[in-house]
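Peer 1: Turn this into a structure:
(chains A and B)
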Amino acid sequence: MNRAGRNTQLIPKFAHSSELEFVRFLDFYRVEWRYESACFALDRDGQGRVTGSFTPDFYLPQFDLYVELTTMKQKLVTRKNQKVKKMWRLYPELNLKIFYGRDYRRLLFKFGII
Amino acid sequence: MDQPVIASDCKGASEVVEEVLFDEATIFKRIGELANQISSDYEGRDLIVIAVLKGGFIFASDLIRRLSLPVSIDFIAVSRYVPNSETVQVKIVKDLDMDIKGKEVLLIEDIVDTGLSLNYLITTLRDREPASIAICSLLDRSDLRLVNIPLNYVGFTVTDEFLIGYGLDYRENYRNLPFVATMNL
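Peer 2: Next up is the predicted model:
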């Protein structure tokens, strides 16, 4: 983030268009963000090797907050919810916010986009 | 006196209202409770009430008339996020007329959800060194919160999707509805 509050990092290649829209939204409000900056181990095998992990979409350092955008179909959301529940169990100190499709639609409505 | 005509039937409001969440009587009652609380909290102190435009102006005008305190009123507006617009970053588009240095400030919002706009506003106003800043929002949609901003006074907590009325708009329409409703898109 430079003095004008703009993110100076290169725009990464996002997995979904909603992520790009979210980044534009954050930039507008001068909120610093990092994309997929941390990966958390969820499962390990007998030798301690990581066999399952979770990488939140964004980290907002100003608020010490991880954000996961989930605008996908309900079937996939259920799977992701299981991971998130595990995250909260294993890392209770972590500040993680999930934005579901419904949440995202509410924001879009507020700005008159839909 | 006849039942007040809902001015809101202009722009086809009756067709888009899905469900009235908070009717006029409910809002009136809750504003009275908030006004009593604020009047008690600020008793003996001078207060500047700042309505955040555009959404907060109806709530603010009804609230200040129920306060039993001497208050000054001012208005502020910040730019709104518009995708693909020329406005790259949030900024104040209508600034205060009053100097708030050393003053007790009460910000009036229609709704707080992510808190990003409010966070920008508070950060900006704190630089002007008021004695205090408190926040009063008619609606709190805290399940969308990204910034942990404590709200001092809240009318109602909501989780609903598309809200219009009593200051809340959809593409600049329906602010004049006398109630808060969900919209049938």
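
Peer 1: next helix or strand past the helix or strand of chain B with the lowest mean pLDDT?
Peer 2: Lowest on mean pLDDT, DSSP states H and E among the helices and strands of chain B sits helix B:13-16, with a mean of 80. Using DSSP states H and E, the helix or strand that follows helix B:13-16 in sequence is strand B:17-22.

Peer 1: What strands flank that following strand, and is each parallel or antiparallel?
Peer 2: strand B:180-183 (antiparallel) (DSSP bridges).

Peer 1: and the partner strand, how far out from the chain's middle?
Peer 2: Here strand B:180-183 is found 16 Å from its chain centre; the criterion is Cα atoms, centre = their mean, to the nearest Å.

Peer 1: Could you do stretch A:53-62 as well?
Peer 2: 5 Å.

Peer 1: what's the answer for stretch A:48-56, then?
Peer 2: Here stretch A:48-56 is found 16 Å from its chain centre; the criterion is Cα atoms, centre = their mean.

Peer 1: List of residues touching it?
Peer 2: Under the criterion Cβ atoms under 8 Å, 6 or more residues apart in numbering or on different chains, residues A:36, A:38-45, A:66-68, A:83-84, A:86-87, A:96 lie in contact with stretch A:48-56. Placement of C-beta: from N, CA and C, glycine included.

Peer 1: and stretch A:21-31, anywhere near chain B?
Peer 2: Yes: Stretch A:21-31 reaches chain B (Cβ under 8 Å from any Cβ of the partner chain) through A:21, A:24-31.

Peer 1: could those residues be laid out in TSV, adding secondary structure and distance to residue B:171?
Peer 2: Formatted as TSV, these follow (DSSP: H, G, I helix; E, B strand; the rest coil; distance: Cβ to Cβ, whole Å):
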residue	secondary structure	distance to residue B:171
A:21	helix	18
A:24	helix	19
A:25	helix	18
A:26	helix	23
A:27	helix	23
A:28	helix	18
A:29	coil	21
A:30	coil	25
A:31	coil	25
